[in-house]
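Visitor: A predicted structure for the sequence below; I have some questions about it.
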Amino acid sequence: GCIPRPSGDGGAAADGTACALYQLREWMDDLNDLSVETFGRTVRVALGPTKRIVGREVYEMAFVYDADGTLLELLNHSGTLGQEVESGWTPWDGRGFVQ
């Protein structure tokens with residue numbers, strides 16, 4: 001399923017292919033419910049879900065802490081834009097630095 005289940009070695013695993021219609025906020029809410037049920041503790045969130053566009057790809061991104069305090073990045077690909085996106089960068093012509 002979409003929500004990680006304890007793997008027996010102190011870790012957890014999830015298959016993201018079953019989560020196509022899941023929003024990251026819903027996933028995090030379900031993960032938090034499972035954490036409370038299993039460990040009696042809530043998930044520590046460093047940064048809640050935000051949308052980021054990389055090229056034409058749209059991602060939801062969040063950061064949480066694991067049990068040891070390590071910061072984990074959560075990504076959810078939420079779509080592809082239909083139009084091309086300009087990078088906003090002007091290619092450097094090799095001039096302009098003082099020597």
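Guide: Cool, got the structure.

Visitor: Check which residues of stretch 23-33 are buried.
Guide: Leu24, Trp27, Met28, Leu31, Asn32 (16 or more other Cβ atoms under 10 Å). All C-beta spots, glycine's among them, are computed from the backbone N, C-alpha and C.

Visitor: In JSON lines, list the residues you listed along with pLDDT.
Guide: Output for these, formatted as JSON lines (pLDDT from 0 to 100):
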{"residue": "Leu24", "pLDDT": "89"}
{"residue": "Trp27", "pLDDT": "88"}
{"residue": "Met28", "pLDDT": "91"}
{"residue": "Leu31", "pLDDT": "88"}
{"residue": "Asn32", "pLDDT": "93"}
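
Visitor: can you give me the helices for this structure?
Guide: Assigned by DSSP state H, the chain shows helices spanning 24-39.

Visitor: low-scoring stretches of it, by residue?
Guide: 1-21, 98-99 (pLDDT under 70).

Visitor: picking up where we left off before, which of the buried residues of stretch 23-33 lies closest to Tyr59?
Guide: Leu24 (8.9 Å; Cβ to Cβ).

Visitor: The closest one touches Phe63, doesn't it?
Guide: No. Judged on Cβ atoms under 8 Å, Leu24 makes no contact with Phe63 at a distance of 11.2 Å.

Visitor: residues shared between the contacts of these two?
Guide: Leu74 (Cβ atoms under 8 Å, 6 or more residues apart in numbering).

Visitor: Once you drop chain neighbours, what's closest to Leu74?
Guide: In space, and not counting its chain neighbours, Leu74 is closest to Ala62: 4.6 Å by Cβ to Cβ, 6 or more residues apart in numbering.

Visitor: Can you give me every residue that contacts the one you found?
Guide: Taking Cβ under 8 Å, 6+ apart as the test, what Ala62 contacts is Leu24, Met28, Val45, Leu47, Gly48, Pro49, Thr50, Glu73, Leu74.

Visitor: One more: Arg52?
Guide: Arg52 neighbours (Cβ under 8 Å, 6+ apart): Val58, Tyr59, Glu60, Met61.
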